[in-house]
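Asker: structure of the sequence below:
(chains A and B)
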Amino acid sequence: KAGVTQTPRYLIKTRGQQVTLSCSPISGHRSVSWYQQTPGQGLQFLFEYFSETQRNKGNFPGRFSGRQFSNSRSEMNVSTLELGDSALYLCASRTDRGINEKLFFGSGTQLSVL
Amino acid sequence: QKEVEQDPGPLSVPEGAIVSLNCTYSNSAFQYFMWYRQYSRKGPELLMYTYSSGNKEDGRFTAQVDKSSKYISLFIRDSQPSDSATYLCAIPTRGEEKLTFGTGTRLTIIP
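Answerer: Sure thing, here's the model as predicted:
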């Protein structure tokens, strides 16, 4: 079974631009979560999608948004990029038996904002 | 105060040593506790998870929970260079359906 696939692996953008990151979950997994990882703050929860609906959202500004498609693939978008948005963005999927269920992470998209 | 605190290290130990990694948490309602391992340029992968207090062993790894102190530990016996990675404690939050992570401890095992 293929793992969680994230594209692209690396992105370089400038302040003020917007960016879209893509995530393909493991086949059969209906829940997709996004996390931001930085050296100072560690991994922080952005949002979770299930059956094309956002179920939960972390404490991030509205510039961060996402969506999920009918095939469970997900995208996240960051508008009006700021320097502080530079981070590794990780996508994770699970089948949705519960939060204690194992999360499978992709290798992430490394975003650099200049 | 952060919900989950973890010493960021870095931590370097010689091969074969016993490694102790620790986290503290603030919410006494937490019941499940996880340890993830993250290799460089990879996403985290679940290593172990425990419920309630006590020890859980899996090969060279032991996860320990002390709910009275709100303290969780991961011990690695006979450490190997392949154990070099960042170790993250994580606690699931029911209702919010998210994991709250510690900042991670970067571990290097020196051959």
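Asker: and the helix or strand bottoming out on mean pLDDT in chain A, how far out from the chain middle?
Answerer: Least confident helix or strand, chain A: strand A:53-57 with a mean of 91, by mean pLDDT, DSSP states H and E. How far strand A:53-57 lies from its chain's middle: 12 Å, per CA atoms, centre = their mean, to the nearest Å.
Asker: stretch B:6-22 too?
Answerer: Worked out by CA atoms, centre = their mean, stretch B:6-22 lies 11 Å from the chain centre.
Asker: would you indicate which residues of it are buried?
Answerer: B:6, B:13, B:19, B:21-22 (16 or more other CB atoms under 10 Å in any protein chain shown). Bear in mind the C-beta positions are built from the backbone N, C-alpha and C, glycine included.
Asker: next, count neighbours for residue 77.
Answerer: Assuming you mean chain A. 13 (other CB atoms under 10 Å in any protein chain shown).
Asker: oops, I was thinking of chain B
Answerer: 13.
Asker: between the two ends of stretch A:17-36, how far is it?
Answerer: End-to-end distance of stretch A:17-36: 18 Å, with CA to CA, to the nearest Å as the criterion.
Asker: list the buried residues of that stretch.
Answerer: A:19, A:21, A:23-26, A:29, A:31-36.
Asker: ok, stretch B:30-44 next?
Answerer: In stretch B:30-44, counting by 16+ other CB under 10 Å, buried: B:30, B:32-38, B:43-44.
Asker: filtering these by proximity to chain A, which remain?
Answerer: Among those, the ones lying near chain A by CB under 8 Å from any CB of the partner chain are B:32, B:43-44.
Asker: and the buried residues of stretch B:30-44, which is closest to chain A?
Answerer: B:Gly43 (3.0 Å; CB to the nearest CB).
Asker: how near is the residue lying closest to the closest one once chain neighbours are set aside to B:Ser12?
Answerer: Of all residues beyond its chain neighbours, the one nearest B:Gly43 is A:Phe105 (3.0 Å), with distances taken as CB to CB, 6 or more residues apart in numbering or on different chains. As for A:Phe105, its distance to B:Ser12 is 25 Å (criterion: CB to CB, to the nearest Å).
Asker: out of the buried residues of stretch A:17-36, who's near chain B?
Answerer: Among the buried residues of stretch A:17-36, the residues within reach of chain B (CB under 8 Å from any CB) are A:31, A:33, A:35.
Asker: on the three-state scheme, the second one is what?
Answerer: The one in question is A:Ser33. At A:Ser33 the chain is in strand, as set by DSSP: H, G, I helix; E, B strand; the rest coil.
Asker: for A:Thr14, see how far away it is.
Answerer: 28 Å.
Asker: kindly report the same for the last one.
Answerer: Note on A:Tyr35: its distance to A:Thr14, by CB to CB, is 24 Å.
Asker: what's the pLDDT at residue 46?
Answerer: Chain wasn't specified; assuming chain A. pLDDT, A:Leu46: 96.
Asker: I was after chain B.
Answerer: B:Leu46 is given a pLDDT of 93.
Asker: so it bridges to which residues?
Answerer: Beta bridges link B:Leu46 to B:Tyr36 when assigned by DSSP bridges.
Asker: and the nearest residue to A:Gln18 once chain neighbours are set aside, how many residues sit next to it?
Answerer: Spatial nearest neighbour of A:Gln18, excluding adjacent residues (CB to CB, 6+ apart): A:Ser79 at 4.3 Å. Each residue near A:Ser79 was counted by other CB under 10 Å, and the total is 14.
Asker: does A:Ser79 touch A:Arg15 like I think?
Answerer: No: the criterion here is CB atoms under 8 Å, and A:Ser79 misses it with A:Arg15 at 11.7 Å.
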